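Engineer: Sequence and predicted structure are below.
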Amino acid sequence: MRSRQLPFFEAKGEAAFYGPKIDVQMKMGSGQEESVASVQLDFNSAKKFDLSFIASSGEKVQPWVIHRAPLGSHERFVALLLEYFDGQLPAWLCPLHLQILPVDESHKEFAQVLVQQLLNEGLRVRMDLSQGSLAKRLHFSHRYRSYASVVVGDLEVKSKSGSLQLRQGQKQRIEFSKLASFLKDEIIKSKN
């Protein structure tokens, strides 16, 4: 760490009881720091479990055990990501790129064709099939935290275009034939 001039500090007396340990901290949206990864030398376990190997010199040697948790636990890492992004994961990581809300039963067939086209393009898409008013379904659709949503009604079926609402609140009219390329561009932009 010194040779790479990385900032660090020694925390003497912390709970690293096997041997020296490196914790990687991440500053969260709240300003607090959380441990997200660690590497620790373990000078005790090799003896305890009678571990050994034959060195190139031919002699039997007891190894140092290295405990690695490059992501901490996967669950904790996902929780930290969600906290860091305040639940608004970038488009490339977002579990749902687009949510399609048909106005009523008569629009579901068109919406399903659109869903299938977008799935074939490798996008993560969901069609809302719940009951209730469109206003109520739109309200609940925000719980999925999809990157974007589009309502499909008579006008959208006829024009083969719709008003795409991005998670940040921006709306824009888009031809459905250009929807896949638009979302893919958004995904690429979010990686930078």
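Structural biologist: Here it is on my side, so go on. Quick caveat: nothing in here was measured; it's all calculated off a predicted structure. Numbering: from 1, shown residues only.
Engineer: quick check: longest strand of this protein.
Structural biologist: Longest strand in the chain by number of residues (criterion: DSSP state E): strand 33-42.
Engineer: Who are the packing partners of that one?
Structural biologist: In terms of contacts (3 or more C-beta pairs under 8 Å, 6 or more residues apart in numbering; DSSP states H and E), strand 33-42 is packed against strand 21-27, strand 65-69, helix 74-84. C-beta: built from backbone N, CA, C; applies to glycine.
Engineer: Give me the contacts around the last one.
Structural biologist: The contact list for helix 74-84 (C-beta atoms under 8 Å, 6 or more residues apart in numbering) reads 26, 28-30, 34, 36, 71-72, 89, 93.
Engineer: Same list, those residues, but as a markdown table with neighbour count please.
Structural biologist: Below are the contacts of helix 74-84 laid out as a markdown table (neighbours: other C-beta atoms under 10 Å):
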| residue | neighbour count |
| --- | --- |
| Met26 | 16 |
| Met28 | 14 |
| Gly29 | 9 |
| Ser30 | 10 |
| Glu34 | 17 |
| Val36 | 19 |
| Leu71 | 14 |
| Gly72 | 19 |
| Leu89 | 19 |
| Leu93 | 12 |
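Engineer: Keeping just the C-alphas, turn stretch 115-132 into CSV.
Structural biologist: The C-alpha coordinates for stretch 115-132 follow below in CSV (Å, rounded to 0.1, in the frame of the first residue of the first chain):
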residue,chain,number,x,y,z
VAL,A,115,-42.1,-7.3,-24.6
GLN,A,116,-40.9,-10.3,-26.6
GLN,A,117,-39.0,-8.1,-29.1
LEU,A,118,-37.2,-6.3,-26.3
LEU,A,119,-36.4,-9.6,-24.5
ASN,A,120,-35.0,-10.9,-27.7
GLU,A,121,-32.7,-7.9,-27.7
GLY,A,122,-31.3,-8.9,-24.3
LEU,A,123,-33.2,-6.3,-22.3
ARG,A,124,-34.9,-7.0,-19.0
VAL,A,125,-38.6,-6.2,-19.5
ARG,A,126,-41.8,-6.8,-17.6
MET,A,127,-45.4,-6.3,-18.5
ASP,A,128,-47.7,-5.2,-15.7
LEU,A,129,-50.6,-7.6,-15.6
SER,A,130,-52.1,-6.4,-12.3
GLN,A,131,-55.7,-5.3,-12.0
GLY,A,132,-56.9,-1.8,-11.1
